[in-house]
Each structure stands twice: as structure tokens, then as C-alpha cells.
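Enquirer: Could you work out the structure for the sequence below:
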Amino acid sequence: MLKCNLKVFIKILVLVTLVFITNCSVNNSNIVDKTPEAEDPWENLNRGTFAFNQTFDKYLLAPLAKGYRFVFPAEIRTGVRNFLSNLSEPWSSINSALQGDLKNTGNTLARFVINSTIGILGIFDVATEIGFEKQKEDFGQTLAIHGVGPGPYLVLPFLGPSTVRDALGKITSLYADPVTLALERNNKDEWIWIGMALKGIDFREQNLEKIDNLNATSVDFYATLRSLYLERRSSMIRNQNTDETDPFQDFDVE
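Expert: Numbers count the residues shown, from 1 in each chain. Here you go, the predicted model:
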């Protein structure tokens, strides 16, 4: 039942997002994002979703993240983070191939093999220690490389900042990610949701002070996060390093 409802929900989102992509990216050039500028025609709607997400964070996500930090030592949290990150490597490798980046395709596959074996299912990031640096690629980046513009800024319930293009990337990953497909084929859909929840809690735990400080010092927290997110995505598409103060730098946005 859950599997059926999930697929119906995803199909609806795909159709809606494709319509937005078609309407919003016609006038974009075939070059990937340059200096990011906020295109936010749905700001009122986005701010409503943002307020919902802030309430969700205040009463559920942040307390869970604090409890997670309190209960589990840093070594265990790092192991969980590495394990979840390792599961994203096959999809990252596929996107590198779709972008024509054969070097990172091989690098990402090597990371997955090394960490899944020597690193004990990815719990230990052995690959980075021996010189195979992580370079995450997702379908939103792939679309950008092939000339699809970002479209309007979009705040998603629970998931937070996005663009129309990145929202399509997130939806596509639910269909095409090899790990997700393997879980679905084995009727293990619940592990998809558990993984997503763990990623969210882990991200919030990593950034408890950073996000709270940003919130406390920002005149407009919504606008601050929007700017940081768009800059982060633009840097990722150009394979550039990001500012260490960026709360999105350690987050798998897809």
C-alpha cells in the first residue's frame, strides 16, 4: 500500500514539476548557472512553507537532532553519516557519467567499492584517506550541465530550499537511484523513509549551532537561506568549493 501511494504521489509531482520546468526554463541560456540571482515569483507561498518548516524544525527536527547528539558519541554519528553518504555514490556516479565526467564516474565507483568493502559497508571513509575525494553529483546538476535553467526558487515542505530544477532532480532520484530501486524491488520501502529521516536528523545535528546563529543574526532568515542555497548550488554545478560557513555544504540536497 505504501509503495503504491508513494509512486502515485511521485508521478503527480513529476507531472507538475515538468510543467514548471517547461514554462520557466525556455528563456535560460545553455550555460550553467552564473552568479545566482533570486527568482522568487512564489515568495508568498514559499514563505508560508518556510514558516511551516520552521515550526517543524523547532518542535521536532531540532529536538531530535539534539537528542541524537546527546545519546550517540561523535564516532557513531560519523559512522552513520559515512554509511548514508556511501549509499549515494552509485547515483552520483551515474550522474557524473550523464554529465560526461568520466574521471569522477570512475572516482565515485572506486569510492563505493573501497568504502563498501574495506570501509565495512561505508561506515569508515577509507577512500578519502587514500586519495579518492568525494565529489557529489545529482540529477539537478546534470540538468544544469545540459542547459536546463534553475527556474523559480521553491521551498519544499520538510526538504527546505530548492528550485524547480532541483525539485525535479529530487523526484527523479526516487525513481532512478539504484539503492532506492533495490529497496523497492525487495519490498523494503520503509528503509527509504528511514534513510531520509536519518539524513535530515544528521544534517541538523551537524549544523545545530550554525543554523541557529544564522537565524539569530539574520534580518530576514528566509532571504539569507535563499541566497546561501542558490550560491551553494551554483558552486556545486561549477564544481567549486563553498564557504565553510555555508550550512548546506555538508548536506545531500538530493
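Enquirer: So which other helices or strands are in contact with the host helix or strand of Ile201?
Expert: Ile201 is located in helix 189-206, with elements delineated by DSSP states H and E. Applying 3 or more Cβ pairs under 8 Å, 6 or more residues apart in numbering; DSSP states H and E, one finds that helix 189-206 contacts helix 2-24, helix 62-71, helix 74-87, helix 178-185. To be clear about C-beta, it is placed using only N, CA and C from the backbone, and glycine gets the same treatment.
Enquirer: Buried ones in the third one, by neighbour count?
Expert: Put plainly, it is helix 74-87. 77, 79-87 (16 or more other Cβ atoms under 10 Å).
Enquirer: Between these, which sits nearest Tyr175?
Expert: Using Cβ to Cβ, Leu87 is the member of the buried residues of helix 74-87 that sits closest to Tyr175, with 16.2 Å.
Enquirer: ok, that closest one - contacts?
Expert: Leu87 sits next to 122, 179, 195 when contact means Cβ atoms under 8 Å, 6 or more residues apart in numbering.
Enquirer: Could you check the pLDDT of it?
Expert: At Leu87 the predicted local distance difference test score is 94.
Enquirer: Wait, Ser227 touches Pro161, no?
Expert: No - the criterion here is Cβ atoms under 8 Å, and Ser227 misses it with Pro161 at 9.8 Å.
Enquirer: out of the two, which sits in the more crowded spot?
Expert: Comparing Ser227 with Pro161 by other Cβ atoms under 10 Å, the one with more neighbours is Pro161, at 24 against 16.
Enquirer: Need phi/psi at Ser162.
Expert: The phi and psi values for Ser162, taken as degrees, to the nearest 10, are phi -160, psi -180.
Enquirer: dump the residue contacts of it.
Expert: If a contact means Cβ under 8 Å, 6+ apart, then Ser162 has 153-156, 170, 229, 253 as its contacts.
Enquirer: Then Asp40 would be within a helix, right?
Expert: No - using DSSP: H, G, I helix; E, B strand; the rest coil, the secondary structure at Asp40 is coil, not a helix.
Enquirer: Bridged to the residue nearest to it when sequence neighbours are not counted, which residues?
Expert: Among residues not flanking Asp40 along the chain, Tyr153 sits closest, at 4.4 Å (Cβ to Cβ, 6 or more residues apart in numbering). Tyr153 has the following beta-bridge partners by DSSP bridges: Thr163.
Enquirer: burial of Tyr153, as a residue count?
Expert: Summarising burial for Tyr153: neighbours were counted as other Cβ under 10 Å, giving 23.
Enquirer: right, and it touches Glu39 too?
Expert: Yes - with contact defined as Cβ under 8 Å, Tyr153 reaches Glu39; the gap is 6.1 Å.
Enquirer: what stretches of the stretch 1-150 of the chain score poorly on pLDDT?
Expert: Low-confidence regions of the stretch 1-150 of the chain, defined here as pLDDT under 70, cover residues 1-37.
Enquirer: and if we set it to 50?
Expert: 1-2, 9, 12-13, 15-17, 19-32, 35 (pLDDT under 50).
Enquirer: distance of Leu181 from Pro63?
Expert: Leu181 sits at a distance of 33 Å from Pro63 (criterion: Cβ to Cβ, to the nearest Å).
Enquirer: same deal with Leu109?
Expert: Counting by Cβ to Cβ, the gap from Leu109 to Pro63 is 38 Å.
Enquirer: And Thr105, by the same measure?
Expert: With distances taken as Cβ to Cβ, Thr105 is found 40 Å from Pro63.
Enquirer: ok, the two, which is more surrounded?
Expert: With other Cβ under 10 Å as the criterion, Thr105 and Pro63 differ in neighbour count, and Thr105 comes out ahead with 19 against 12.
Enquirer: So the more buried one sits against Ser96, correct?
Expert: Yes - applying Cβ under 8 Å as the test, Thr105 and Ser96 come out as touching, 4.3 Å apart.
Enquirer: Hmm, Gly79 and Ile123 touching each other?
Expert: Yes - the pair Ile123 and Gly79 passes the contact test of Cβ under 8 Å, sitting 4.3 Å apart.
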